[in-house]
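Peer 1: Whatever this is, show me its structure:
(chains A, B and C)
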Amino acid sequence: MTARDLVLATVRRSLGVAGTEAPRRAAVAARLADHPTGVVPARGRLAPAARIDLFARMVEGAAGTVECIAEPSAIPQAVAAFLRRHNLALAVRHGDDPRLAALPWERGPLEVRRGASDGNDLAAVSHAFAAVAETGTVVLVSGADNPTTLNFLPDVHIVVVDAADVAGDFESVMARLRERFGPGALPRTVNMITGPSRSADIEQTLILGAHGPRKLHVILAGSH
Amino acid sequence: MGETMAERKTRHVGLFVTCLVDLFRPSVGFAAVKLLEDAGCTVEVPRQSCCGQPAFNSGDRATSREIAAQVIDAFAPFDFVVAPSGSCAGMLKIHYPELFRGDPNWQPRADRFAAKTHELLSFLFHVCGVRAVAARLAATATYHDSCSGLRELGLRSEPRALLGTVAGLKLAEMHDANVCCGFGGTFCVKYPDISNAIVAKKAANIAATGASLLLAGDLGCLMNMAGKLQRDGSAIAARHVAEVLAGMTDEPAIGAPHAPSGPAP
Amino acid sequence: MTEGTSQTAAAAAPLGIAKAATHSASTQCFKGNAKAALGDRDLQNALKFVEVNFIARRQEVADRLPEFEALRDAARDIKDHTLAYLDLYLEAYERRMTEQGGNVHYAVTAEDARNIILDICRKLGARAVTKGKSMVAEEIGLNDFLDANGIAAVETDLGEYIIQLRHEMPSHIIAPAVHLTKAQIEGDFRRAHSDLPRERNLEEPTSLLAEARSVLREKFLAADVGITGANFLVAETGSSVIVTNEGNGDLTATLPRAHIVLASIEKVVPTLEDLAQLLRVLARSATGQEMSVYTTLTTGPRRAGDLDGPAEYHVVLLDNGRSAMLGGEFRDMLRCIRCGACMNHCPVYHAVGGHAYGWVYPGPMGAVLTPALIGIDQARDLPNASTFCGRCEEVCPVRIPLPKMMRSWREREFERHLSPAAARWGLAFWAFFAKRARLYRFATAVAARLMALAARGRGRFRHLPLASGWTRHRDFAAPQGATFQSQWQARRGAARGNADPPGEQGARP
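Peer 2: Alright, predicted model coming up:
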């Protein structure tokens, strides 16, 4: 008997089932196929304008910063301005995301590198897959477009979110993940990020920048 | 929710006096009787010992069931069972049905028994519709929420509402009024040092209110807190809330000496 | 080997694995541990933080969410549903994660899990391992085992890193170093980071954190294998989920060549929507945050075209007694999502801290889970050191009836005569009278008079021979003199007739 057999057998014995019962299998299959939605807070169901507003407030409440840029072409300058404001080197790395690649980086003073982080980047720019207003969370998926290491190794993480991609609740983003990757399929990593890295392990003192980025700056593109 | 004289029917109450009240502070029982009779109830006291909590919380289910059966039987003749204690009322109301779950004979009896059992203040407030008492006491008091009464029975606003009608009485809320006092039945003797740490915090919170009187609805908690206050040399007196509501505060406070001259605070 | 138990056998046999690994558990020394804790000034100061901060923050964030109570019900229901179908959800999870390129390994015991992990590390020629915070890893004693086998495993969660330096167990499941002062941590860093300049200033928490960040950054980048726990496993997508604030879990999972997830079997949840429900109550209950900073779903190894991520992804599914718990009175304990709210609100935990409990899981959830995993005979005090105040159950996001379960352990101890003899005799003595109401009434009337006399009008006792535990710290109020029942009989008995119950004995159950 393998370990697997033993564990499952003990589970079944404890539950008083054989495992082959059709009604049980049907119940499980149904839940997995239907993935019913549970309780969604009212604050996750606001109209778009109020939703963006809430999203921004929640990001700030989690010690992130937010700025709204109506024209995507202004993003590289906004990134540069942010780095300057914080006395940081004007250099960023980003992945192959076509939305980022299409931006006029060449116009700005920024040195831009592409690819995954080598551990020496001070600032990275990612494009979010989506965002969740109810908690001020940005959602990023792994891949060459937005390598996961960019989310964690640099000191500063700048995340571009399309205003249209700001969902009210988690469930909406999960639905979009299903649409994009297929039912039951996900990329290697889905990061749901709410503010910069922090720790309160030393006498309950809250400090930002534990292992991940010290700053999280969200650029809401296509909104005012 | 008051009733007119015509509507008021007599409620036949069996008083579950509780073993601590019975043994240590009968005045609480008499205060309960007065409050119940003032509210138009008839009160009788069948022969009784204990609700069985010590056995129940020590894991002795068999003894708990035996005692529970006796209690259910003893109180069978009554419309209502009323106890001046959140923990005893909780035992009778919440845990007796648990004890007999699945027993075809006793489960229904336990359920019916539980349905007619009430903690004293809850009974006065919600069943009898009492909203005010005629007592007066010039003092500043602070009220401790005993855990069972609060979390098992939802008792919180009723004592405060009724105390608010005692002429001359000021209520000062303590910090963490709803936090355990460290009594916990057998806990305080099995883990006395931990119990002490908990009651020390409670005593500090009580003292910080500036109140001269500590009130609660459970005698176990009161004896624990009063004992700590006294050991600390505090002058704060402790009484059961029923005594104050019934205007029966002539007896010395809990643990206080028998003063030959005049009533104790 | 797990004792496979039938449902009838489960009632009598001890639950779970007999020998769970690990850091020498000192669950047998609860009283001694507690006493030391009560006298530890640094610990007492640290515990004040816990009491004030965690409770207030949870209340604030719960007050801000009108749906919080409904979400707790939903979370409980999701867990109950999953547990009722755990075998099928485990199979579904396994199927899906294997399709996504992951490797599943079932481990019956702690020893099995350790060996599986060592085997994976050896096959990869791993020398350096980074670890995200995992209570299950503590449960199986993974670090010491890897160390004994020549593999250096470094904890990367700051709190876990600190206690690893001190060779201590976590004292809280969310804030493992909550019992330590800044000064203690500075001392540990100076000792452990001996290559750094001695005159450096570590006065501020920010400098301590900065030092940890740079020391651990090197470890992250050098690790061959990263081992994390899992807060949840999602059956629908075959994903494991970790929830952190530091980002250490993600660096552990992303940078090395292989990512190993160590998860106990009850971590499975059916769907992404179910995950959303649980996430909404987890951080709020744990730290009072709306969301933890990093909530990450990991599914399989890196994909073709990925620029980063591990080439191998392994999930070790640990049983270690949980499958047996499913069939008995402690099943609801498997709902636990390890938020720590119970211990944050526990007056006993506030008094003695987490180490007093002697093993990985402290506070109310530890009092219920520890006996299930290592045997009640090894952890007798834990379910007894509770006043049953009920605050734990009041705040548990999945509504586990913790006091009830502690009482169930007490029942087991009673049946097996594990309670101390003095306590049993005392109880038996009391029970003899309590079961005989007439005799009780007589005996207590006598006792009340005698005690009142002994108090000589002072109203209280400073010393009481059979209650020295009480009178060590408190005065003990003396009885007023005549019991209520004797007074009642005297006053009313003659006038109204004594209200004896019809049929004295009544039917015995």
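
Peer 1: how about the strands in chain A?
Peer 2: For chain A, strands defined by DSSP state E occupy the ranges A:65-69, A:91-94, A:111-114, A:123-127, A:130-132, A:137-141, A:156-162, A:166-167, A:189-193, A:198-199, A:207-208, A:215-221.

Peer 1: and the ones you listed as a markdown table, adding mean neighbour count and distance to chain B?
Peer 2: For the C-beta atoms, the positions are set from N, CA and C on the backbone; glycine is no exception. Formatted as a markdown table, the strands of chain A follow (neighbours: other Cβ atoms under 10 Å in any protein chain shown; distance: least, Cβ to the nearest Cβ, whole Å):
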| stretch | mean neighbour count | distance to chain B |
| --- | --- | --- |
| strand A:65-69 | 17 | 37 |
| strand A:91-94 | 23 | 51 |
| strand A:111-114 | 14 | 56 |
| strand A:123-127 | 26 | 46 |
| strand A:130-132 | 26 | 35 |
| strand A:137-141 | 26 | 34 |
| strand A:156-162 | 25 | 41 |
| strand A:166-167 | 23 | 38 |
| strand A:189-193 | 27 | 35 |
| strand A:198-199 | 26 | 28 |
| strand A:207-208 | 20 | 29 |
| strand A:215-221 | 24 | 37 |
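
Peer 1: TSV for these, including mean pLDDT and distance to chain C?
Peer 2: Compiled in TSV, those are given as follows (pLDDT from 0 to 100; distance: least, Cβ to the nearest Cβ, whole Å):
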stretch	mean pLDDT	distance to chain C
strand A:65-69	97	15
strand A:91-94	96	11
strand A:111-114	94	9
strand A:123-127	98	12
strand A:130-132	98	8
strand A:137-141	98	6
strand A:156-162	98	10
strand A:166-167	98	12
strand A:189-193	98	4
strand A:198-199	94	5
strand A:207-208	94	5
strand A:215-221	97	9
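
Peer 1: Where does chain A get nearest to chain C, which residue?
Peer 2: Among the residues of chain A, residue A:212 lies closest to chain C, at 2.6 Å counting by Cβ to the nearest Cβ.

Peer 1: residues in contact with residue C:455?
Peer 2: By Cβ atoms under 8 Å, 6 or more residues apart in numbering or on different chains, the residues touching residue C:455 are C:461, C:478-479.

Peer 1: picking up where we left off before, ok, now how distant is the closest residue to the residue of chain A closest to chain C other than its chain neighbours from residue A:149?
Peer 2: Leaving aside its chain neighbours, residue A:212 sits nearest to residue C:247 (2.6 Å; criterion: Cβ to Cβ, 6 or more residues apart in numbering or on different chains). Distance of residue C:247 to residue A:149, computed by Cβ to Cβ, to the nearest Å: 11 Å.

Peer 1: cool, residue B:84 as well?
Peer 2: Distance of residue B:84 to residue A:149, computed by Cβ to Cβ: 66 Å.

Peer 1: And for residue C:48?
Peer 2: Per Cβ to Cβ, residue C:48 is found 40 Å from residue A:149.

Peer 1: Same drill for the two, tell me which one is more crowded.
Peer 2: More crowded of residue C:48 and residue A:149, by other Cβ atoms under 10 Å in any protein chain shown: residue A:149, with 24 against 13.

Peer 1: nearest residue to the more buried one other than its sequence neighbours?
Peer 2: residue A:117 (4.0 Å).

Peer 1: try residue C:96
Peer 2: Residue C:96 sits nearest to residue C:238 (Cβ to Cβ, 6+ apart), 3.2 Å away.

Peer 1: pretty sure that neighbour is touching residue C:102, no?
Peer 2: Yes - contact criterion Cβ atoms under 8 Å: residue C:238 and residue C:102 qualify, at 6.5 Å.

Peer 1: Find residues that contact each of these two.
Peer 2: With Cβ under 8 Å, 6+ apart as the test, residue C:238 and residue C:102 both reach C:299-300.

Peer 1: Between these two, tell me which one has more neighbours.
Peer 2: Neighbours were counted for residue C:238 and for residue C:102 using other Cβ under 10 Å; residue C:238 has more, 27 against 23.

Peer 1: show me the contacts for that one.
Peer 2: Applying Cβ under 8 Å, 6+ apart to residue C:238 gives the contacts A:184, C:93-100, C:102, C:299-300.

Peer 1: again, only this time at 10 Å
Peer 2: A:184-186, C:92-102, C:104, C:298-300, C:313, C:315 (Cβ atoms under 10 Å, 6 or more residues apart in numbering or on different chains).

Peer 1: Equivalent analysis for residue B:84, please.
Peer 2: Shown in contact with residue B:84 (Cβ under 10 Å, 6+ apart): B:15-18, B:20-21, B:25, B:28-29, B:31-33, B:35-36, B:119-121, B:123, B:217-219, B:240-243.

Peer 1: quick one, longest helix in chain B?
Peer 2: helix B:192-208 (DSSP state H).

Peer 1: Now do it: which elements does it pack against?
Peer 2: When contacts are defined as 3 or more Cβ pairs under 10 Å, 6 or more residues apart in numbering or on different chains; DSSP states H and E, helix B:192-208 packs onto strand B:136-144, helix B:187-190, strand B:213-216, helix B:219-231, helix C:30-38, helix C:41-49, helix C:347-352, helix C:468-471.

Peer 1: Might you report the residue contacts of residue C:183?
Peer 2: Taking Cβ under 10 Å, 6+ apart as the test, what residue C:183 contacts is A:203, C:42, C:202-203.

Peer 1: Using a markdown table, please lay out the residues you listed together with distance to chain B and pLDDT.
Peer 2: Output for those, formatted as a markdown table (distance: Cβ to the nearest Cβ, whole Å; pLDDT from 0 to 100):
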| residue | distance to chain B | pLDDT |
| --- | --- | --- |
| A:203 | 21 | 87 |
| C:42 | 16 | 92 |
| C:202 | 32 | 94 |
| C:203 | 31 | 92 |
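
Peer 1: Going by neighbour count, which of these are buried?
Peer 2: The neighbour count (16 or more other Cβ atoms under 10 Å in any protein chain shown) marks A:203, C:202 as buried among those.

Peer 1: any bit of the helix or strand where residue C:211 lies sitting next to chain A?
Peer 2: Counting by DSSP states H and E, the element that carries residue C:211 is helix C:205-222. Yes - judged by Cβ under 10 Å from any Cβ of the partner chain, helix C:205-222 comes into contact with chain A at C:205-210, C:212-213, C:216-218, C:220-221.

Peer 1: List just the nearest of those residues to chain B.
Peer 2: Closest approach to chain B among the residues of helix C:205-222 next to chain A (Cβ to the nearest Cβ): residue C:205, at 27.2 Å.

Peer 1: Would you confirm that the closest one contacts residue A:209?
Peer 2: No - using Cβ atoms under 10 Å, residue C:205 is not in contact with residue A:209; the gap is 11.9 Å.

Peer 1: Common neighbours of the two, please.
Peer 2: residue A:199.

Peer 1: and the longest helix of chain B, which residues are buried?
Peer 2: Neighbour count says helix B:192-208 has B:192-203, B:205-207 buried, by 16+ other Cβ under 10 Å.

Peer 1: Quick one: the helices in chain A, in order.
Peer 2: A:3-15, A:22-34, A:48-61, A:75-85, A:98-101, A:170-181.

Peer 1: Of those, give the one that comes closest to chain B.
Peer 2: Evaluated with Cβ to the nearest Cβ, these place helix A:3-15 nearest to chain B, the distance being 19.7 Å.
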